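**Q** Have a look at this prediction, sequence included:
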Amino acid sequence: MWGIVPAAGLGSRIQPLAFSKELLPVGSRLDNGVERPCAVSEYLVERMLHGGANKICFVISPGKSDIMEYYGASYGGASIAYVVQPHASGLCDAIFQAAPLIHPDEPVTVGLPDTVWFPERALADLPDDILSFLLFPVDQPEFFDAVVTNEADRIVEIQVKQPNPASRWIWGAFKMPGRVLEQLRQLWLKRDRTDEYFGTLVNAYIADGGHAIGVKAGRSYVDVGTLHGYRSAMGLLSAVAEQDDFAGARVALGWPAGRGGRGFHDANRE
């Protein structure tokens, strides 16, 4: 399974930085027993690995060689490839730069490398054989791509950064077989590459007879692309760590290992 990480964006909302925004340190991780800073994009890569990906493709711009230097050829047992998006032309263009690598029968997942979300293993809840979106509840869906579904979880519409959206559920990642990725690419080309946002392309795909589902398995979602989001991500990671410590203490005392605590889904964009 492939994981596509679109990392060619300029990161204008959180500049100035002296490095690619995907390498912004957010929280920490253990590396051979030693705690070290964790790049924000590592959260997505780790979640892709939990979801079954064994190959990761970073889509980078020509000036982002620091991402290659940081990740190298592998991460956590997964091989890493890089493709270049020559010009910043939107998410659709970035994703389809990786299309030649994907076999028609091979599943592929896509996520955003400047986000932090939970549960960590939620991608495993998405099926392999259909276009499916991992959905998260947020307080301000108008800043994101709100996903409207019917009673059978079929996606009716994706409302891209629309005021007063009809749903508070947004997509945070998605998955599909390689043949559907190619169908979407062909539709994008047919539409003269006018779709910058993936949501508008999916709406055209559905109108053309395609099917997509939304899976409401997400719990918490933070966009780290702004200073406000950065602070929210640090708060979310701290809250999760405290819950994990509390759960561990309950187990040590022989109590049920419920997670407890309140939900957290501060996910604003500025």
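**A** Ah, there it is. This is a predicted model, so every value here is computed, not measured.
**Q** part of a helix, is residue 164?
**A** No. When DSSP: H, G, I helix; E, B strand; the rest coil is applied, residue 164 is found to be coil, with no helix at that position.
**Q** That one: how many residues sit nearby?
**A** Look at residue 164: counted by other C-beta atoms under 10 Å, it has 8 neighbours. From N, CA and C alone the C-beta is placed, and that goes for glycine too.
**Q** residues contacting it?
**A** With contact set as C-beta atoms under 8 Å, 6 or more residues apart in numbering, residue 164 has these partners: residue 142.
**Q** Could you rerun that using 10 Å?
**A** 141-142, 146 (C-beta atoms under 10 Å, 6 or more residues apart in numbering).
**Q** Show me where the stretch 101-250 of the chain has its strands.
**A** Ranges of strands in the stretch 101-250 of the chain, per DSSP state E, counting those that start in this stretch, are 107-111, 115-118, 131-137, 145-149, 155-160, 169-177, 212-215, 220-223.
**Q** Now mean neighbour count too, for those strands, in a markdown table please.
**A** Converted to a markdown table, the strands of the stretch 101-250 of the chain look like this (neighbours: other C-beta atoms under 10 Å):
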| stretch | mean neighbour count |
| --- | --- |
| strand 107-111 | 24 |
| strand 115-118 | 24 |
| strand 131-137 | 25 |
| strand 145-149 | 22 |
| strand 155-160 | 20 |
| strand 169-177 | 25 |
| strand 212-215 | 21 |
| strand 220-223 | 26 |
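**Q** is it possible to export those to CSV including mean pLDDT?
**A** Formatted as CSV, the strands of the stretch 101-250 of the chain follow (pLDDT from 0 to 100):
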stretch, mean pLDDT
strand 107-111, 98
strand 115-118, 96
strand 131-137, 98
strand 145-149, 98
strand 155-160, 98
strand 169-177, 98
strand 212-215, 98
strand 220-223, 94
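**Q** Tell me which of the ones you listed sits nearest to residue 24.
**A** Closest of these to residue 24 is strand 115-118, at 10.9 Å (criterion: C-beta to C-beta).
**Q** Which residues does the closest one contact?
**A** 26-27, 38, 40-44, 47, 111, 134, 136, 172-173, 218-225, 229-230, 232-234, 236-237, 239-240, 243, 263-265, 267.
**Q** quick one on the thing from earlier: and the strands of the stretch 101-250 of the chain: which comes nearest residue 192?
**A** Closest among those, once you apply C-beta to C-beta, is strand 155-160, at 18.2 Å.
**Q** What pairs with that closest one, parallel or antiparallel?
**A** Using DSSP bridges, strand 155-160 pairs in its sheet with strand 145-149 (antiparallel).
**Q** Strand 131-137 and the strand it pairs with, what's the angle between them?
**A** Taking axes from the mean of the first three to the mean of the last three C-alpha atoms, to 10 degrees, one finds strand 145-149 and strand 131-137 inclined to each other by 110 degrees.
**Q** what's the angle from strand 145-149 to strand 169-177?
**A** Between the axes of strand 145-149 and strand 169-177, defined by the same axes, to 10 degrees, the angle is 80 degrees.
**Q** How about residue 101: what's its closest non-neighbour residue?
**A** residue 57 (5.9 Å; C-beta to C-beta, 6 or more residues apart in numbering).
**Q** beta partners of the one you found?
**A** residue 4, residue 81.
**Q** list the contacts for it?
**A** Here residue 57 is in contact with 2-7, 79-83, 95, 97-99, 101-102, 108, 110 (criterion: C-beta under 10 Å, 6+ apart).
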